[in-house]
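J.: Need coordinates for the below:
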Amino acid sequence: MGKIEPVVIADAGPVIHLDELGCIDLLADFGRVIIPHAVWLEVQRHRPLAVGLYR
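T.: As a prediction, this is how the structure comes out:
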């Protein structure tokens with residue numbers, strides 16, 4: 001069997017708070033991070049500087 005990498009489907013609150021704490025890089029520990037478009041728009045609205053960090 002192959003290695004199963006963790007997948008995260010992010011909601012805006014945790015992404016915003018990780019950015020506030022300066023810990024958004026913790027998302028890189030997961031194999032795949034999925035941020036739905038509506039969530040991305042909310043993060044942009046509340047933490048516009050965070051969007052450039054995770055593209």
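
J.: just the strands in this structure please.
T.: Under the criterion DSSP state E, the chain contains strands at 7-9, 32-34.

J.: List of residues touching the first one?
T.: Taking Cβ atoms under 8 Å, 6 or more residues apart in numbering as the criterion, the residues outside strand 7-9 that touch it are 27, 30-34, 36. C-betas here are computed from N, CA, C, even on glycine.

J.: and it, which strands flank it?
T.: If you go by DSSP bridges, strand 7-9 pairs up with strand 32-34 (parallel).

J.: residue nearest the centroid of this protein?
T.: residue 15 (4.9 Å; Cα atoms, centre = their mean).

J.: Look up how far residue 23 lies from that residue.
T.: Distance of residue 15 to residue 23, given as Cβ to Cβ, to the nearest Å: 11 Å.

J.: In this protein, where is pLDDT below threshold?
T.: Applying pLDDT under 70 to the chain flags the ranges 1, 51-55.

J.: show me where it has helices.
T.: Remark: helices assigned in the chain by DSSP state H are 12-20, 37-46.

J.: Now tabulate these in TSV and tack on distance to residue 4.
T.: Listed next are those as TSV, based on distance: least, Cβ to Cβ, whole Å:
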stretch	distance to residue 4
helix 12-20	22
helix 37-46	24
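
J.: what's the most buried one of those?
T.: When you average the neighbours per residue for each of the helices of the chain (mean count of other Cβ atoms under 10 Å), helix 12-20 leads with a mean of 17.

J.: how far is that one from where the chain is centred?
T.: Centroid separation between helix 12-20 and its chain, computed with Cα atoms, centre = their mean, to the nearest Å, is 8 Å.
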